[in-house]
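Trainee: Pasting a predicted model and its sequence here:
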Amino acid sequence: MTTKNLKNFERQAEILALTLGLEDNNKFKSRGAGGRDHYQSLFSIYIKMIKDSEHNTFINNESKPQVIQSLQRTIDFYNTKKKEDIQNLFGTLEKNDPTSFIIVPVSYLTLTNQKNSRHTSSLIVYKMENEYIVTMIDKEKLFNSKNGGYVTISQDKLEDFSALLLDSKTTFDYVPTFDINKAYGILKKIMALSNEKKLKILPIKLSKQTMGNCIVAGAETSLRMALSNCHQNIFETNKQIKLCSLFQMRECFLKALKGTNSEQNKYLDEIFSYYLKRKEQKEKVLPKLTPEWNSWKNPVHKIMYIAQKRKYIKKKEEISLQIAKEFNAFFSAKTPPMKSSSKWSLDEIKLNAKTNEAINLYSVRSGPSPSKSREELS
């Protein structure tokens, strides 16, 4: 294996770990050259995932070429040098076509002048007759306390919008199009450019993000939303928007990462197996929720449910951090070139003991609860 191939594979393995919520954003950038390389790699994997999908898993075969072209637009976006390049990219969108879109990750501060408060979510842009729909999706609900919403931007504001997105890729502390040091600077500027000046809310609820992997989580969630819009018009429905199975998408993502090298494929399988095992262990010890209390018909029960949910989220965050910490030891021990099988097993045994000890500690504090299906794991 050449040094270049080894480096590329290590990057793919790290993207898998980040996608599965086993690592945080520390090794990846959302802006600059690092952001470009990361997102172009990620969306190349998404393209292969859609190409390789069977039995209309995400989209029917007739729509695959358009969806693949849409994912290619994100890759092309990171090659743009001028606002005119982005305008031209928007020009390739088909009008009133849910399979024709572009996903644009955007990074911003959530606290003014606090650089350690940086967060990343994604936009999905569609072209209509005389305007563009700009959809904002965020698992964290940090902006307007909603998971999803949208605004429209008229054709005559496209130049300003394109300049804004061009500046969003920079690592500079100052850009001419928006206040980069202001909380939600770019999102507020998009709102100012919009026709509505206020976010139209989409009927969607997403599980709270418990790991600091927003660089990938934002793109992954937006892709699921875009695929959902191919099946139902998310802008016209009043019903809860149902996204494709997260577990199924991650299985297909793993498959798309694999190549002809059996040793590398085994390595990727081990990461995925680790994810499944730790997530299942985590779910078993989380505080129990009472779904039937989640209604204001009985205010007392609703308040009790809110308290349950807060405890659940806090415990989930604690365990997620513990899992990520231990995964770093797991990942470091197995970084290519591969270790011998005996060393591998010894590392696994030691790690299992450490992880189980930590999770058992949480179990004592929380008490057991029924485990969930794999598709409910996030």
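Mentor: Arrived safely, thanks for sending. The structure presented is a predicted model; accordingly, all values stated were derived computationally and were not measured. Numbering: from 1, shown residues only.
Trainee: Can you name the residues bridging to the residue lying closest to Ile153 once chain neighbours are set aside?
Mentor: Leaving out its chain neighbours, the residue that sits closest to Ile153 by Cβ to Cβ, 6 or more residues apart in numbering is Tyr132, at 4.9 Å. The C-beta positions use only the backbone N, C-alpha and C, and glycine is treated the same way. For Tyr132, the beta-bridge partners are Lys127, Ile153 (DSSP bridges).
Trainee: got it, and the one 5 residues further on?
Mentor: Per DSSP bridges, residues listed as beta-bridge partners of Ile137: Ser122, Gly148.
Trainee: who touches it in this structure?
Mentor: Ser121, Ser122, Leu123, Ile124, Asn147, Gly148, Gly218, Thr221, Ser222, Met225 (Cβ atoms under 8 Å, 6 or more residues apart in numbering).
Trainee: Let me see the ranges of the helices in the stretch 151-300 of the chain.
Mentor: 158-168, 185-193, 214-229, 246-257, 262-285, 299-333 (DSSP state H, counting those that start in this stretch).
Trainee: Report the buried residues of stretch 20-33.
Mentor: Across stretch 20-33, burial judged by 16 or more other Cβ atoms under 10 Å covers Leu20, Gly21, Leu22, Glu23, Asp24, Asn25, Phe28, Lys29, Ser30, Arg31.
Trainee: so Ile75 touches Ser44, yeah?
Mentor: Yes - counting by Cβ atoms under 8 Å, Ile75 does reach Ser44; the two are 6.7 Å apart.
Trainee: What pLDDT does the model give the residue lying closest to Asp160 once chain neighbours are set aside?
Mentor: Excluding the flanking residues, the one nearest Asp160 by Cβ to Cβ, 6+ apart is Leu193, at 5.8 Å. At Leu193, the pLDDT value in this model is 97.
Trainee: Provide a list of residues in contact with Leu193.
Mentor: Ile153, Lys157, Asp160, Phe161, Leu164.
Trainee: before we move on, back to that, the helices of the stretch 151-300 of the chain into a markdown table, with extra columns for distance to Thr99?
Mentor: As requested, the helices of the stretch 151-300 of the chain are exported to a markdown table (distance: least, Cβ to Cβ, whole Å):
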| stretch | distance to Thr99 |
| --- | --- |
| helix 158-168 | 21 |
| helix 185-193 | 23 |
| helix 214-229 | 9 |
| helix 246-257 | 17 |
| helix 262-285 | 29 |
| helix 299-333 | 34 |
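Trainee: looking at those helices, which is buried most?
Mentor: Highest mean neighbour count among those (mean count of other Cβ atoms under 10 Å): helix 214-229, with a mean of 24.
Trainee: what angle do that one and helix 246-257 make?
Mentor: 110 degrees (axes from the mean of the first three to the mean of the last three Cα atoms, to 10 degrees).
Trainee: The closest residue in space to Met249 that isn't next to it in sequence and Ser122, how far apart?
Mentor: Excluding the flanking residues, the one nearest Met249 by Cβ to Cβ, 6+ apart is Arg224, at 6.6 Å. Using Cβ to Cβ, to the nearest Å, Arg224 is found at 11 Å from Ser122.
Trainee: likewise Gln72?
Mentor: Relative to Ser122, Gln72 is positioned 16 Å away (Cβ to Cβ).
Trainee: Show me which of these two is the more surrounded one.
Mentor: The neighbour count for Gln72 versus Ser122, taken as other Cβ atoms under 10 Å, is higher for Ser122 (25 against 16).
Trainee: mind checking how far Ser273 is from Ser122?
Mentor: Plainly put, Ser273 is 29 Å away from Ser122 if you go by Cβ to Cβ.
Trainee: can you check Val67 too?
Mentor: 16 Å.
Trainee: Gly149 touches Lys200, doesn't it?
Mentor: Yes - shown here, Gly149 and Lys200 form a contact pair, counting by Cβ under 8 Å, at 5.6 Å.
Trainee: so who does Lys127 touch?
Mentor: Phe90, Leu93, Glu94, Lys95, Asn96, Asp97, Ser100, Ile133.
Trainee: sorry, back to before: wait, what's in contact with the residue nearest to Met249?
Mentor: Here Arg224 is in contact with Leu243, Cys244, Leu246, Met249 (Cβ under 8 Å, 6+ apart).
Trainee: what's the closest of those residues to Leu142?
Mentor: Leu142 lies nearest to Leu243 out of those, by Cβ to Cβ, at 19.4 Å.
Trainee: For that closest one, which non-adjacent residue is closest in space?
Mentor: Arg224 is the one closest to Leu243 (Cβ to Cβ, 6+ apart), at 4.3 Å.
Trainee: element containing Val106?
Mentor: Val106 belongs to strand 102-109 when elements are defined using DSSP states H and E.
Trainee: Check which strands are paired with that strand and give the direction for each one.
Mentor: Here, using DSSP bridges, strand 102-109 pairs with strand 118-127 (antiparallel).
Trainee: Quick one: distance of the partner strand to the chain centre.
Mentor: Taking Cα atoms, centre = their mean, to the nearest Å, one finds strand 118-127 lying 11 Å from the centre of the chain it belongs to.
Trainee: hmm, back to that, possible to save the buried residues of stretch 20-33 as TSV with pLDDT, secondary structure and distance to Trp296?
Mentor: Shown next, in TSV, are the buried residues of stretch 20-33 (pLDDT from 0 to 100; DSSP: H, G, I helix; E, B strand; the rest coil; distance: Cβ to Cβ, whole Å):
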residue	pLDDT	secondary structure	distance to Trp296
Leu20	90	coil	36
Gly21	86	coil	32
Leu22	84	coil	37
Glu23	80	coil	39
Asp24	80	coil	36
Asn25	78	helix	37
Phe28	82	coil	41
Lys29	86	coil	43
Ser30	90	coil	38
Arg31	92	coil	42
